[in-house]
Structures are given as structure tokens and as C-alpha cells.
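Asker: dropping a prediction and its sequence here:
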Amino acid sequence: MPRLLLFALYLLLTISAQAQQRLAAARQRSYLTKVFRLTDEQTRHLYQHGLSAARPEFFTQPVDSFPTDSLRPARPLPLGYYLVAYTEGPQLVYWLRSVSDREVVVVDNQVDLTLVVRDSLGRLLDDARVLLARRPVPFDAATRSYRLAKAGRSGLVAVTQAGRTTFHVVEKQTSSTRDYWQRQPLTHKMLWTARRLSFGFPLGYLTKPVWNLGRDLKHASYVSTGLVGLLRSTVNPDVRDERQSWRRQRQRNRWSSYVALSKPKYRPTADTLRLKVRLLRRPSGRPGRQPLTLWMGGGYGQPEKKLTVLQPVRPGSYEYALPLTDTLGLRADTRVGFRLADPRGRTLASGHFQLEDYELKSTRYTLRPAEKEHRRGQPQALFLRGTDSNELNLLDARVQVSVTPRSTLGPFPQRQQFLPDTLWTRSQALDATGETRLNLPTTTFPAAEFDYAVRATILNSDNERRTESLVVPYRLDPGKLQVELVGDSVRLTFQQLGKSVKHAGRLRITNGRELGHAALFAGPVTLPLTLPVDPRAKSYELTDADHRSALLGLNETNGGLALRSDRTRDSVVLSVDNPRRLSFWYYVYRGNTLVKRGYGPALELRAAAPGTETWAVSLHYLWGEELRTAEYSVPLPQRQLVVRTEQPEVAYPGQKIQLNFTVTDGGGRPVPNADLTAYAYTSKFGQSRPVEELPSFEPPVVGRVSKRRFALGTTFENSRAAAGRQQLAWQQWRHQLGLDSLRFYEFLYPASGAFYEYQPAPGGLTQLAPFVVDSGRVQPPIAVYLDGVPVYVHQVNQQDPYSLVAEPGGHTLSIRTATRLVTLQNVYLRHLHKLTLSIDVNQPCAEMTVEKRGPLLSEAEKLVLTRSLVVIDNSYYSFGSLRQGNVLRPLRTPSYSSVGHYSLSGPFRPDSVLLRRSDGLRRRFLFEPLYRYDFAPGLVKMTSLDAKQATLFHNLNSAGFSAALPLSDFALTEAAFQARYMPAPTSWTPAPRRPTYNFRTPLLTPVGQGRLEVRLPRARPMPRPATGFRP
């Protein structure tokens, strides 16, 4: 029993200590956060009207509560919708929490509204009832979705299944052009319609030329086109040249050409340039028949030479063979250009060739490592081979191999490690058969991680010297975790020195959207292991006890789903390549007509397609917990030729072979009189010359029309950042959240109509901080009066501490807000204390009067405030203060609100005021209203205010507090003023002279020397947790 009494006494003392907490440090939000369950209709109301539409009855079914400041994850709740509410000051803050194991996915085929409903395991729900704007959306068995064919709108989707309803927002997406049009006012729309009628068909044939002529005449000096440009070209050579340039460019664009050369490069002499040019007219593809002049050179300051005039060997085809001799004046190692021009000098085709005194290599050398990633303890070997043009091994080749570090030294276990500049060298002859194997000794490599370079120099009896090189990383860890996709499975292995061995690991499969669970799987596994790939997964992360890790992410690059198509004149064949065996939605269109739709892991379609309409396929599949979309167009090749070649697989030196070519159109029919260009050259040239792009005369592919597109809208559920805010209903929440025991809420909602808090004030100053509250909202003052005298003016004192100096004893307090004048009689100020006072205007009493006022001060009120403010010249931009009794005001420096060098200070009584400035000026003067004051050593100048300076008083109607209420402010004392406003004294002291060192860092280490590198100890990596929590 005594222990219980002691415990109760302790609780009482704790509560008493909390009650005595100072207001400035008091808590300004509720201790508890409560969770309220919502009905379906209440949830629908919030989705339709927003969180601001929450009504009091939405907070009547509490199901949970927890400390507001708790960092622990929220407790799990049953499936449903909840409002999570707490208070901040006079506001109720709440957000919508959704607990669901159901998801709606929008399949956007750009025509229909298609909704897919699935549970947390990814299973499609076929028995749901789906409503869009309270209208049913029918179920489509073919696609296992809910589909409105060729229809749809934005709205709220309600999905009911197993007696539970979830809500989702669907938005119909519109183009930016349509959005811009819808935002335009009616006058702009009418003006645009009138312009379209005036300049459209058929009036545009008459109005457009007249309009363009008028516009050109208005800006004639800048016009070079049309009739005005034609007239200007007769007198202006610049306009004439510009018009001719445009004309030549248009002529060039009318022709399309293709140039073929017999070799990638040519020797300057003793070689023959063979070229063929195919010239066709756009857009018809009609072959050119006119003679063309062949010009060569003209680059790098060389004159252009006319070689010959070419006649077409057949319509559209020009051929020419040019022996390259010294008389042409061509220089080696240059790129020579040539062009074909018509009789008017317009270039219709052009090309270039490389001129080089080359020598074809008859040998080829290869170098490869046994292990591309070398690990400690793993045997490493190098394989080299030299072959001639017949792929036979060279019998007289020898090699010199060197292994050197390529990168800086990585991690190493010892406290020190030496890395030589050359790790290993070897010289020997190449084997006469097969590849030559060179084994690298395991003692060659130090116990550290780095990359090493292998350089092999090969020489033969013809004094031919070739160098091959490669870079191999070297790792200390002999083991490696691997996670890879193999078909429709995920393979997890542990490679020990290149071999898969049994190993214990930990696997974490994360869910992209965290629907249902934070992780699909998290737990220990034994490797090797093969799992079926889960399209809901975002990533597979494999770790082990030695801090190894491997990560596989499922993204758009490894989905593997693609369409294969074949289109002929009378049929179309479609097939989907699906190595992951994913189930997907497909829509097949002929033009804009839907031919087939469905859902499954395969699509095979062979259909008749006699017309020229473009077929389209829209594929949609879930991969990496995201809906991926792939759109394909399958047009009919109308002007495309197909060339098939019949040739032997192997040709021997000196052998003559016959090549047979078959040319067909897109429908598979042979093409008569086709112009065929075929050429070949030896692989000794190395990298081949890039093939010139063939001109295409295919008509533009017209895809299907995107009629309507839908997507899930952004909602406010499970988002604290999108929380709603309402004015706090004090009577409802004061007991429910325990607010009446909090000191700050006693200040906002004083039970007796007024809140008083006395606290000792520093500096021996009696002071007052009054506040007016209206239903918990603090009303910022425009001005504060004490015994009818202004003591605070927001426009002047908004940067000063909000604590007003006064004499101890009883006073009459008046506070002017934007809507009221509140007067309180008999306000007692305790000596050497600060009184924080809040007055509730909704609880009148005998000592308080409340008068309604407008947002603008009356002329009488302005005059009272104006007579209390002093206008002072501060052209010196110095810091200073004005003191009257215990009231200390800072001397404001000129700002954007100043007029010239004059600024306001105050309020003061018409009495003696002491001015002190940081430049040493100290002057006491008698303050008289409506004058401006100029100070100088030995001078005080009073001048009546002119009209410009009177504008300083025009903005006295302002009011406001910062985001945080100034509850902890105290009136300025001398020490506080010095710390807050006066700049700290600065004095410059020259730094002591120190010796300077010029360290030269060499780019290369000299022979016989090395490089020393000093490192800090490397921290041991912390093990990563395999599981997490979801708030």
C-alpha cells in the first residue's frame, strides 16, 4: 500500500511539473495520433471531393492510436480505408491510409478503357464488380479484364470483390494541343475559327496570296521569296544568290542516289577505281537518263578536275573505271571526293574514296586468356595463335609476352604490399599446331586486387611485327555469387575458382510496388538453386556471410518479349517470342479495326491480308512489377526489293565460282529488268568501308489512330505529404486527444477567456506579449496600445522581438487586428516579469470590449500611429539605436521600404530620445511628431515632412507573424541589442609567414625508382539486413 501511494504521488508530481512547463517550450501538437475507420460511402466522398471534404462523422470509429512522435512502424490493420489524425496548433491534420491486397492496372491500347484487377499474389480477379462513375464496366473473358470498347472517361473506379470495395482514380489523358485549346477563352476560339474559315478551303486560294503579298510589302527589305523577292533580286545580288541557292537545293532534293565502289581503299598508283552510281528521281523512283559530268578532287585547296561525261549504261545506272596514275596529281593518305553534275552544274550524286599506300597483311594473330576474370588460386593461362591467309599455323613465328600492372593497387590484407612494375615475362616460339598455351605462375601475382595488362609482341621470318594486348582483372576472393536469367528461370550459383559449388546464401526478392508485402521472399537458400522467374519481382538480391552480393534487376532490357512478323501481298504472319513465358495482353489491328485480342503466354496468327492497310500489334505485359507496353506496326513493303544469293560456303584460292541472285518484290514475285550491283573484296582489308544507306521509296507508314488513352491518376492515399488540414473542432477533440492538458492549447483555447503566464524577464524589464485568439487561431496585430499610447506597430517593429516594455501595475491594453479592436481593462503587469497573455474574442467579459473594424486603418488611427513614429536620416548606413526610458529600438538601415536615406523607428512618446550610432555620434533630442530628423556632429536638424517622405506611413495596415509564434521573445536589453544588431568587431592580423614547399608530382616513375602510397585502414563492411519493414 505505501508503494502505491508513493507511485500515485510521483504521478501527481509529474503531472504538476508538466503543467508548470513554460509556454515557449510547450508541445504544439497532440501526443496521440488516432486512426479512424471509414465506410465505403465516406471513402468515396473523399476520393470525389478531396481530403478537405472530410466531415466530423468521418472521425467517429476509432480503431487504433499511437504516439505522434513514435518512429516505430505502424501496427498492421485489417483491410480497408482509415483516416489517421493528429493536431498541429489549431489545425486538425489527417491523411488517408489504405490497407489493400488488391490492385488495378490500366492496359492502355489507345482505343479502349481496359482495367485489370489482381490480388497481392498477382492473380487476376475475374469475379469482381467494377463501376466507373457508378456505371458498370463489363468483364471481357478474352483478355480477363474489364473493358469498355471504344469508350471510357475519367472518373472514380469502385472495385467490389468478396464483400470489400476499393477505389481507384482513372484519368483520360489528353494531348497538350487539346489542353491548350480548352484553356483558351471564348474570344480566342472565335478568332481562330474566323481565321480558319477565311484562310481555309476554298477561300484560302484567294485570301492567302493577298495576305502574303501584303505581309511581304510591309517587310519588303527583309523578304527574298515570292513576288517581292523576285523584284528585289533584279537589283540586289545578295537576294539573287540566296534565291539561286534555294533553287539548287530544291533541285538536289528531287534526286536520290547510291554510290558503290569496288574496294574500301585504293593505292595512289597502279590501281583502278571502279564505281557505279544509281540515280533515281523522287518521289516516283523514275531512273535518270541525262548525261552526267564526273568531277574529282576540289578539297584541301586542290583544283577540281573534270574527268569525263558519263552516259547511263542502262536507265539510272552510271559506271566508270579510272586507272589511278601520277598524272592525276592525287596524294597518298588523303580522302578524295568526286561528284556527278548535270549539264547545268547541279550536283546529283557524290562520294569519296580513301587513297592509301596500303599493304595487305597475310597473317592474323589472336590472344585470349583462359579466365577473363582472374581470381586468387585459380590457374591462369594465355592462348596465342598465328595463322596465314589459309588459316594454317605459322611455322616461324615467335612471341614475347609481358605482364604488367595496369591499375593502382586495390585492397590488400597485409599492412604493406609491394607491387613490381613487371610481373612476368616470357619469350618462346609459337607451336606449329593449334594454339600456344602459356601458363602464368600463381606466385606471379601479389596478394592484392588490381588489373594487369598482357602484351604479346609476335614476330615472323618476314620481319613482320604485330602487337596484341588485353587487360584482365585480378581479385583476391576466390568465390563469386551469380544471379542470372536463364529462359523462364532465375539461376543462383556460387562460383569457386570457376566451378559451381554448394554454398549457403540469403536471398531477398523485392516487390516493386510493395503490394501486400515488402518482400516476396527473404530467407536462407542453398546454392546452386533455380527458381521460376516471378514477374512481380523488382530485383533478386543474393548475399552470404562473407559480405558477397549479387543483384539482378528486372527491367525493360531483359524482358525478352518481342514480336516477329512477316507480311506478304495476301497474308500476314505474327508470332511473339516469349523466352520468359510471361502472360501478356495482345490486341491485333488491321488499320484501326480490332481483329483479335486475348491474354496468355503465346500469340500465333496467320491471316489473310489482301489489302495495303498497315497491321498493328499492341502488347502489354507485367515485368519487374511494372506494366510494359510494346507497340508494333506491320506495313506491307510496296517498293522494297528482296535479294537472295546462292553461293558456296567456301572458296579456295584460284577457284572460279558462280553466284546466282534472285530479285523479288514484297509479294515474292520476280522482278524483271532489275539493276543489280554486287561486289566483294578480301577480308585482309580489315574493317570494311561503311555501307552507304540505300535510298528508300517506301510510302510513309500510316499507323493506327490513338483515340483515347487512360492512366491511373495520382491520389492522396498513404501520403503524409498530401495530408488534409481543417480548423480544429475544440469541443470534439479536446478530450479525444487529451489536448486540454497541454499548455499550448490552454494558450490557444483559454477556458476563462484569457490566458496568463508570468515568467522572470532578463535585464530588469517589465514586459508584455499580448495575443488575440479566435477559435484557436492567433490573429496578428496591426498595432498594440497601452493606456491609449502605441507601443507596437507591425510595419515598423516586425523584425524586433515581440515583447513590449511597460511599467509594472495595472494597464488598459488595446490590440488592433485586421477585423477587430480588442480592449482589456485592468491588465496587471508584475514587476521584473514578462506576461504572456492570450485573449479569446469569443468569450467576452466585463473587462473586455470587442469592436468590429475594417482591414484598413481609419484616418484617426493612422494619425495616432504616425504621431508616434520618428523619421530619421541614416545616410551613413551605420548601426545604431534609439532609447526612450527602458524602450530600446534599433536604428534601421535604408531598405526597399525606405524613402531616400530616411527610415521609420518607434513608436515613441513626445519626449526626450537618445540617439547612439556606431560611428560614435551620440545625441539626445526632443521628439516632436511629423518632422524628419537629420543628425551631424553638433547638429540636430528638424524639417517638416514633404509629400515624398510622407509615403513612409502609407503601409501601416500590414499585420502578420512568422511561421512560429514569437513566444520566447524578450524585450531588448543593451546586451541583447549588441548581440543581435551590432556587428562583431573585426581586426585583421597578418598570418605568420610559413615556409612554402613546391612538391613536383612526376607523371611517370623514373627507371630504378618506385611509387609509395600510404592509406588509412579500411573499415570492415557492415552486414546488410535481409529483411526490412514497411511503415
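Answerer: Received, thanks. Numbering: from 1, shown residues only.
Asker: poorly predicted segments of the stretch 801-950 of the chain, please.
Answerer: Applying pLDDT under 70 to the stretch 801-950 of the chain flags the ranges 875-878, 893-900.
Asker: where along it do the strands fall?
Answerer: Remark: strands assigned in the stretch 801-950 of the chain by DSSP state E, counting those that start in this stretch are 804-805, 809-816, 820-829, 833-840, 848-852, 870-873, 880-884, 887-890, 902-905, 912-917, 922-926, 931-936, 939-944.
Asker: Pro770 contacts Leu813, doesn't it?
Answerer: Yes: counting by C-beta atoms under 8 Å, Pro770 touches Leu813, with 5.8 Å between them. Any C-beta I mention is one placed from the backbone N, CA and C, and that applies to glycine too.
Asker: quick check: domain ranges of this protein?
Answerer: 19-173+706-739, 241-358+648-695, 562-634, 750-856, 863-956 (automatic domain parsing).
Asker: strands paired with the helix or strand harbouring His352, and their directions?
Answerer: Per DSSP states H and E: His352 is located in strand 347-355. When sheet partners are counted by DSSP bridges, strand 347-355 sits next to strand 265-266 (parallel), strand 334-341 (antiparallel).
Asker: Pro283 and Ser696, how far apart?
Answerer: For Pro283, the distance to Ser696 equals 11 Å [C-beta to C-beta, to the nearest Å].
Asker: where does the prediction get shaky in the stretch 551-700 of the chain?
Answerer: Residues of the stretch 551-700 of the chain meeting the criterion pLDDT under 70: 686-691.
Asker: which SSE is immediately downstream of the lowest-mean-pLDDT helix or strand in the chain?
Answerer: Ranked by mean pLDDT, DSSP states H and E, the weakest helix or strand in the chain is helix 2-19, scoring a mean of 41. Sequence-wise, the next helix or strand downstream of helix 2-19 (DSSP H and E) is strand 32-37.
Asker: looking only at pLDDT, what's the mean for that next one?
Answerer: Strand 32-37 comes out with an average pLDDT of 95.
Asker: which residues of this protein fall in helices?
Answerer: 2-19, 40-49, 176-183, 186-199, 204-218, 226-233, 237-253, 730-736, 743-748, 794-797, 859-866, 947-950, 974-980 (DSSP state H).
Asker: contacting residues around the fourth one?
Answerer: Right, helix 186-199. 181, 184, 203-204, 207-208, 211 (C-beta atoms under 8 Å, 6 or more residues apart in numbering).
Asker: ok and that helix relative to helix 204-218, angle-wise?
Answerer: 100 degrees (axes from the mean of the first three to the mean of the last three C-alpha atoms, to 10 degrees).
Asker: quick revisit: JSON lines for the strands paired with strand 347-355, including mean neighbour count?
Answerer: Shown next, in JSON lines, are the strands paired with strand 347-355 (neighbours: other C-beta atoms under 10 Å):
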{"stretch": "strand 265-266", "mean neighbour count": "20"}
{"stretch": "strand 334-341", "mean neighbour count": "18"}
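Asker: reformat the ones you listed as JSON lines; add distance to Leu554 and mean pLDDT.
Answerer: Output for these, formatted as JSON lines (distance: least, C-beta to C-beta, whole Å; pLDDT from 0 to 100):
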{"stretch": "strand 265-266", "distance to Leu554": "47", "mean pLDDT": "88"}
{"stretch": "strand 334-341", "distance to Leu554": "47", "mean pLDDT": "89"}
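Asker: okay, these in a markdown table with distance to Leu1003 next?
Answerer: Shown next, in a markdown table, are the strands paired with strand 347-355 (distance: least, C-beta to C-beta, whole Å):
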| stretch | distance to Leu1003 |
| --- | --- |
| strand 265-266 | 37 |
| strand 334-341 | 35 |
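Asker: what's the closest of the helices of the chain to Glu371?
Answerer: helix 176-183 (54.7 Å; C-beta to C-beta).
Asker: average pLDDT for that closest one?
Answerer: On average, helix 176-183 scores 67.
Asker: same thing with stretch 393-405?
Answerer: 91.
Asker: and what of stretch 50-68?
Answerer: 93.
Asker: contacting residues around Phe338?
Answerer: 275, 294-297, 350-353.
Asker: output the below-cut-off pLDDT ranges for the stretch 51-200 of the chain.
Answerer: Ranges of the stretch 51-200 of the chain meeting pLDDT under 70: 175-180.
Asker: all strands for it, in order.
Answerer: 62-67, 80-88, 91-99, 102-107, 113-119, 129-132, 135-136, 139-140, 145-148, 155-161, 164-173.
Asker: dump those to a markdown table, plus mean neighbour count.
Answerer: Shown next, in a markdown table, are the strands of the stretch 51-200 of the chain (neighbours: other C-beta under 10 Å):
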| stretch | mean neighbour count |
| --- | --- |
| strand 62-67 | 14 |
| strand 80-88 | 22 |
| strand 91-99 | 19 |
| strand 102-107 | 20 |
| strand 113-119 | 23 |
| strand 129-132 | 19 |
| strand 135-136 | 10 |
| strand 139-140 | 18 |
| strand 145-148 | 23 |
| strand 155-161 | 18 |
| strand 164-173 | 18 |
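Asker: okay if I get these as a markdown table plus distance to Gly1008?
Answerer: Converted to a markdown table, the strands of the stretch 51-200 of the chain look like this (distance: least, C-beta to C-beta, whole Å):
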| stretch | distance to Gly1008 |
| --- | --- |
| strand 62-67 | 71 |
| strand 80-88 | 73 |
| strand 91-99 | 72 |
| strand 102-107 | 70 |
| strand 113-119 | 71 |
| strand 129-132 | 82 |
| strand 135-136 | 88 |
| strand 139-140 | 81 |
| strand 145-148 | 77 |
| strand 155-161 | 79 |
| strand 164-173 | 71 |
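Asker: which of those strands sits closest to Pro420?
Answerer: Nearest of those (C-beta to C-beta): strand 102-107, 60.4 Å.
Asker: okay, now the sheet partners of that closest one, with direction.
Answerer: According to DSSP bridges, strand 102-107 forms sheet pairs with strand 113-119 (antiparallel).
Asker: the partner strand: how far from the chain's middle?
Answerer: 28 Å (C-alpha atoms, centre = their mean, to the nearest Å).
Asker: do stretch 87-106 as well
Answerer: On C-alpha atoms, centre = their mean, the centre of stretch 87-106 falls 26 Å from that of its chain.
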